[in-house]
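J.: coords please:
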Amino acid sequence: MKYWIDFGALALLYVRVLFRKWRSRGKDVLLVNTLMYVYLSFVLYFTLMPVITSLPFVLNHPYEPMNLEPFIDVLAGRGDFLRQVALNVIMTMPFGFLFPLTRKGGGKFGRTVFFCFLMSLGIELIQPLINGTRSSDITDIITNVTGGVLGYGFYVIFRPVIFWILDRLKTN
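T.: Reported below is the predicted structural model:
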């Protein structure tokens, strides 16, 4: 039930505000921005949710500072670190691919990587606040940014095809 409140708020925001705004800019903008919004909603689901029902309890548990030693789990052989690294890379590849498409004329590499870093840093700083059982780790930021870089590489490779498709949406 807790998750449905967050998804309801995200759906309401989309229907009441974002859909109208993006639709007025054309089908291509609506498609790309909606894909980015759905992607970011899933990122929220896997990293921070439930948010709204957790807000009253933010200060009810100690805040664990971020682990600032990169790849300590990998070096110590703890847990299923390879799975975690792979999932963090995979999670942000769509960001690196979609973010440039949300910018007029395509996005620049540095700007995409910077915003991928900001998203990852925000998630890592907020996670321990929202849920006392979650921790934040510099390794997650590094692997998330790596995923954004790889996603941007796919954007560059497929840019001609993507812009051809988006141009067809503009004319229809």
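J.: how near is Gln84 to Arg78?
T.: As for Gln84, its distance to Arg78 is 10 Å (criterion: Cβ to Cβ, to the nearest Å). Just so you know, the C-beta spots here come from the backbone N, C-alpha and C atoms, and that holds for glycine as well.
J.: same question, Ile142
T.: Look at Ile142 and Arg78: by Cβ to Cβ, they are 17 Å apart.
J.: residues contacting Ala11?
T.: Contacts for Ala11 (Cβ atoms under 8 Å, 6 or more residues apart in numbering) come out as none.
J.: and if we set it to 10 Å?
T.: 4, 41 (Cβ atoms under 10 Å, 6 or more residues apart in numbering).
J.: what about it, helix or strand, and which?
T.: helix 2-13 (DSSP states H and E).
J.: which element follows that helix toward the C-terminus?
T.: Using DSSP H and E, the helix or strand that follows helix 2-13 in sequence is helix 19-23.
J.: and that next one, which residues are buried?
T.: Buried residues in helix 19-23, counted by 16 or more other Cβ atoms under 10 Å: Trp22.
J.: And Gln84 and Arg78? Which one has more around it.
T.: Neighbour totals were compared for Gln84 and Arg78, and Gln84 leads with 16 against 9 (other Cβ atoms under 10 Å).
J.: got a pLDDT number for that one?
T.: Looking at Gln84, its pLDDT reads 89.
J.: What secondary structure category should be reported for it?
T.: At Gln84 the chain is in helix, as set by DSSP: H, G, I helix; E, B strand; the rest coil.
J.: Would you mind measuring from it to Val156?
T.: In this view, Gln84 and Val156 are 27 Å apart by Cβ to Cβ.
J.: How about the contacts made by Phe163?
T.: The contact partners of Phe163, by Cβ under 10 Å, 6+ apart, come to 28, 101, 105-106.
J.: What pLDDT is listed against it?
T.: In this model, Phe163 is scored at 91, pLDDT.
J.: a strand runs through it, doesn't it?
T.: No. Counting by three-state DSSP, Phe163 is not part of a strand but helix.
J.: Phi and psi next, for Asp137.
T.: Backbone geometry at Asp137, expressed as degrees, to the nearest 10, gives phi -150, psi 140.
J.: Surely it is in contact with Arg78?
T.: No. At 11.7 Å, Asp137 does not count as touching Arg78 under the criterion of Cβ atoms under 10 Å.
J.: Thank you kindly, that will do.
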